[in-house]
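K.L.:
give me a 3D structure for the following:
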Amino acid sequence: MTNQPVGIALPDGHVMRARWLRPAGPQPHKAAVIAIHDIFGYTDDIERIATRLADNGYPVLVPDLYDLPGSKALCVVKTLKAHETGKGTAFVQLEACRKWLLAQTDEPVSQVGVMGFCMGGRFAVLYASQAPVQVVAPFYGGIPKKAETLRGICPAVGGWGKQDMLFGDHGERLASHMESLGVPHDIRSYDDVGHSFMNDHQTFTFKKLGPLPPLRSKFDAGASEDSWQRVLAFFEKVFSGELDATA
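P.N.:
This is a model prediction of the structure:
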C-alpha cells in the first residue's frame, strides 16, 4: 500500500489538501472510495479508516474539507454551514474529488463510493443524493426529515448508535427513507453504543468528554467490526454488479 499527499484543484483555483492511499494490487471492479472525516477534521483516525479500506483493496481519497482560503475558524464555519444547508463549498470539494478519481492515472477507476462519519456521514448522504456515485456508507450523521430530500440516492450501508441522544434514531429514519424510495440498503442501529463508535480518536477531549451525554461518543470494537464487515460485503455486492442499484 502507498499513502501520499495530493492536491485537488477546486473551481475557484484553490488546491485542497488530500491523502491518496493505494492498495498493493489493482481493484478488480475499478472502484475507489472518498472517505469524509468527522467534525475533528483530518486526523490520524480518518487515516486509520482509509488504511483499512486500502488494505481491503480500495484506492481511497481523503480530502481535508477544512482546507479552504481564509482563516481556519472561517473554514470550519463555512463547512458546518454547508453541513446544515445541504449546499455550499463542501459539495464542490466532494465533486472535485470524484472527478479527480475518475481522471487520475495511478489507478483505473470507473466507480466511486463515499464513506463518512459524524459530520462526514451527513455530507456523504446528501452528496450521494446529488452526485453519480455508486454506493454510500454513512455513519451516525444527521438525516433530513423528508425522504424526498434524498431522492436520487444510491444504495447505502451504515450504522447509528441508539445511545446517542441527538442522532440515535436517525439510522431508523434513513432506513425508512430508503424503503420509501425503493433503494437497496443495509442500515443498522446498535442498541448499546452511542455516537462515533467507529472512530478511535486518541485525544483527551474524545476519551474523557466524548462518552458524556448527549452524544455518548465512544469507540466500540464490536459494533465497529460488525460495521466493517457489512460495509465491505455491501461494497463488493454493489461494485461487482451483484446488487442492482436500481432495484
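K.L.:
all strands of the chain, in order?
P.N.:
With strands called from DSSP state E, the chain shows them at 2-9, 15-22, 31-36, 60-63, 111-117, 135-139, 156-161, 185-190.
K.L.:
would you reformat those strands as TSV and include mean pLDDT and distance to Ala221?
P.N.:
Quick note: C-beta positions are derived from backbone N, CA and C, even for glycine. Formatted as TSV, the strands of the chain follow (pLDDT from 0 to 100; distance: least, CB to CB, whole Å):
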stretch	mean pLDDT	distance to Ala221
strand 2-9	98	24
strand 15-22	98	23
strand 31-36	98	20
strand 60-63	98	22
strand 111-117	98	16
strand 135-139	98	15
strand 156-161	98	13
strand 185-190	98	12
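K.L.:
make TSV from the ones you listed and add mean neighbour count and distance to Ala128 to it.
P.N.:
Listed next are those as TSV, based on neighbours: other CB atoms under 10 Å; distance: least, CB to CB, whole Å:
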stretch	mean neighbour count	distance to Ala128
strand 2-9	13	19
strand 15-22	19	19
strand 31-36	28	10
strand 60-63	26	15
strand 111-117	26	6
strand 135-139	28	4
strand 156-161	27	7
strand 185-190	20	11
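K.L.:
what's the closest of those strands to Phe197?
P.N.:
Proximity to Phe197 (CB to CB) singles out strand 156-161 among the strands of the chain, at 5.2 Å.
K.L.:
pairing partners for the closest one, with directions?
P.N.:
Note on strand 156-161: by DSSP bridges, its sheet partners are strand 135-139 (parallel), strand 185-190 (parallel).
K.L.:
for Val193, phi and psi?
P.N.:
phi -130, psi 170 (degrees, to the nearest 10).
K.L.:
what sits against the nearest residue to it once chain neighbours are set aside?
P.N.:
For Val193, ignoring the flanking residues on the chain, the nearest one in space by CB to CB, 6 or more residues apart in numbering is Gly161 at 3.9 Å. If a contact means CB atoms under 8 Å, 6 or more residues apart in numbering, then Gly161 has Tyr140, Gly168, Ser189, Tyr190, Val193, Gly194, His195, Phe197, Arg216, Asp220, Ala223 as its contacts.
K.L.:
so Gly161 bridges to which residues?
P.N.:
With DSSP bridges as the rule, Gly161 is bridged to Tyr190.
K.L.:
distance of it from Val238?
P.N.:
The gap separating Gly161 from Val238 is 24 Å, by CB to CB, to the nearest Å.
K.L.:
output the below-cut-off pLDDT ranges for this structure.
P.N.:
Along the chain, segments meeting pLDDT under 70 span 71-86, 245-247.
K.L.:
now the helices for it?
P.N.:
44-55, 72-85, 89-103, 119-128, 170-181, 204, 221-240 (DSSP state H).
K.L.:
right, I'll leave it there.
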